[in-house]
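> model the structure of this input:
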Amino acid sequence: MSYEPINDIKPIGYLESCYRDKFGTPRQPGLSPQAWSRLKIRSDLQPEQALQGLEKFSHVWLVFVFHQNKVSRYHAKVHPPRLGGESMGVFATRSPHRPNPIGLSLVELVRIEGDSLILAGADLVDGTPILDIKPYIPEVEAKPEAKTGWLDKAEKKQITVEFLPETEAILAEWQAQHPDKKIREMIVDTLKLDPRPVLYRGYENEESPYRSDHAFRLLDGDIHFRFTTPEKVQVFKILLMNN
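Next up, the predicted model:
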């Protein structure tokens, strides 16, 4: 059997996300429930008709493309961050580094505004091409008894997020600029997932020469943080792009 490429697939729209870069974007949907995004449907798809009836559903599946995947060489085994360096077969993971860079994300449908879907909980970076939308049907898709494989032994830790006093005033100003978004909750949810690459973990002691500060972009701001222990992270600076 020959495997011919399929060339007639086009995005139905591009996601506008609160996460501007790959770094900081949650690795799974729903882990940051307040994460805001908007999907505008192409006008030639007649969204006013194509979206009819979808407003009755609370959640939808997004079929998307990992458009920032720069790895051109295929690897049958990958290193999921939650396994702390261990490898696993790519088809047993949700790694973006796949034979075809296609992903699936279950998100909350907050509301529909004309030709756009307002979504919460997406694990997608700004500009992600969306190939399709499908309603989530818990009657047939929710399987509480399902096995979770290697995730049973994956790293689980409770992380505390601390804001320094000088960041609190900036956070209040920032929140006032976006009254419809819960910025503190988005920051906390993101940092509780420990977005650092595995190689930066384990050097939290301030005397360690390998300790590093990090930053991620959210909406129109940069959040600078450092881990002071493996279970405690400190937000020490917030820079707003419009200041």
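
> next secondary structure after the longest strand seen in the chain?
Scanning the chain for the longest strand, with DSSP state E as the assignment, gives strand 102-113. Next helix or strand after strand 102-113 toward the C-terminus (DSSP states H and E): strand 116-120.

> following the chain past that next one, name the next helix or strand.
Following strand 116-120 toward the C-terminus (DSSP H and E): strand 129-135.

> look at the closest residue to residue 195 other than its chain neighbours and report its pLDDT.
Of all residues not flanking residue 195 in the chain, residue 24 sits nearest, at 4.9 Å (Cβ to Cβ, 6 or more residues apart in numbering). (Each C-beta comes from the backbone N, C-alpha and C, glycine too.) At residue 24, the model reports a pLDDT of 91.

> and for residue 46?
97.

> that one - how many residues pack around it?
12 (other Cβ atoms under 10 Å).

> against residue 111, how distant is it?
Noted for residue 46: a distance of 20 Å to residue 111, by Cβ to Cβ, to the nearest Å.

> which of the residues in stretch 35-51 are buried?
35-41, 47, 51 (16 or more other Cβ atoms under 10 Å).

> so what touches it?
With Cβ atoms under 8 Å, 6 or more residues apart in numbering as the test, stretch 35-51 has contacts from 11-19, 26, 62, 107, 112, 114-124, 130, 133, 181, 186, 189-190, 219.

> phi and psi next, for the residue positioned nearest the centre of the chain.
Residue closest to the average C-alpha location in the chain (Cα atoms, centre = their mean): residue 123, at 2.2 Å. For residue 123, the backbone dihedrals are phi -110, psi 40 (criterion: degrees, to the nearest 10).

> that one contacts residue 18, doesn't it?
No. Assessed by Cβ atoms under 8 Å, residue 123 is found out of contact with residue 18, at 11.3 Å.

> picking up where we left off before, show me what the longest strand of the chain is packed up against.
Packing contacts for strand 102-113, counted by 3 or more Cβ pairs under 8 Å, 6 or more residues apart in numbering; DSSP states H and E, involve strand 59-65, strand 116-120.

> now do the buried residues in it.
103, 105-109, 112.

> same deal with stretch 115-135?
Buried residues in stretch 115-135 (16+ other Cβ under 10 Å): 115-117, 119-126, 128-130, 133.

> now do stretch 23-36
Per 16+ other Cβ under 10 Å, stretch 23-36 contains these buried residues: 24-26, 29-30, 32, 34-36.

> end-to-end on it?
16 Å (Cα to Cα, to the nearest Å).

> stretch 106-123 too?
9 Å.

> and for stretch 142-159?
Start-to-end, stretch 142-159 (Cα to Cα) is 28 Å.

> okay, and for this structure, where does confidence drop off?
The chain contains residues with pLDDT under 70 at 71-72, 84-85, 150, 153-155, 243.

> for it, just list every one of the strands.
13-17, 36-40, 59-65, 77-78, 88-89, 102-113, 116-120, 129-135, 160-163, 214-218, 221-229, 232-240.

> what angle separates the longest helix along the chain from strand 221-229?
Counting by DSSP state H, the longest helix found in the chain is helix 165-177. Angle of helix 165-177 versus strand 221-229, following axes from the mean of the first three to the mean of the last three Cα atoms, to 10 degrees, is 140 degrees.

> in helix 165-177, what counts as buried?
167, 170-171, 174.

> could you break the protein into its assigned domains?
13-139, 157-240 (automatic domain parsing).

> can I assume residue 77 is in contact with residue 88?
Yes. The criterion here is Cβ under 8 Å, and residue 77 meets it with residue 88 at 6.5 Å.

> quick one, which of the two is more surrounded?
residue 88 (16 against 12).

> hey, what's the more buried one bridged with?
residue 78 (DSSP bridges).
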